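Q: I would like the atomic coordinates for the input below:
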Amino acid sequence: MAKKPQRGARNRDANPRKFKKKTSPLVIEKVEYVDYKDVDLLTRFMSDRGKIRGKHLSGNDVQQQREVANAIKIAREMGLLPYARRVASAGRQGRGRDGDRRGRPADVDARDTSTAPVEETNLENDDVMADDQVEVAAVGAESEEV
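A: Here you go, the predicted structure:
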């Protein structure tokens, strides 16, 4: 039986491109303890949608990544960090599997905001103003009679 060739050694030799390993922000800022209350530091290890970035993207080693992930999870539980964020993106209008516009007619846009906003009227304040004006008119009429 022939031995299987080692994948790692062969792939390293086949890829001539060398890359520099990213340095972690924890090493740059000389952070000794990753605190769950340090929201600014923890958000640097999260994506714009609120996901925890991988160690290759952030530059952490395994132990640092574990500490960061645990601190983020604790901060989420405490309500300091969101579990997920909504990101508004243009062009979310895709075609469904059948090629239709997800069951909508072609001329209807789900995000149509062309209608003018409706003015809010506060009826209670209008009623109070009307009552005050009536009282003022009544007081004024009494003073004229005297």
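
Q: got the contact list for stretch 28-37?
A: Taking Cβ atoms under 8 Å, 6 or more residues apart in numbering as the criterion, the residues outside stretch 28-37 that touch it are 25-26, 41-42, 64, 67-68, 71-72, 74-75, 78, 80. For the C-beta atoms, the positions are set from N, CA and C on the backbone; glycine is no exception.

Q: what residues of that stretch count as buried?
A: Across stretch 28-37, burial judged by 16 or more other Cβ atoms under 10 Å covers 31, 34, 36.

Q: what's the first-to-last distance across it?
A: For stretch 28-37, the separation between the terminal residues is 19 Å (Cα to Cα, to the nearest Å).

Q: neighbours around residue 48, how many?
A: 8 (other Cβ atoms under 10 Å).

Q: no no, residue 68
A: Counted by other Cβ under 10 Å, the residues lying close to residue 68 total 26.

Q: settle this for me: it is touching residue 46, isn't it.
A: No - the pair residue 68 / residue 46 is not scored as a contact, 9.4 Å apart, by Cβ atoms under 8 Å.
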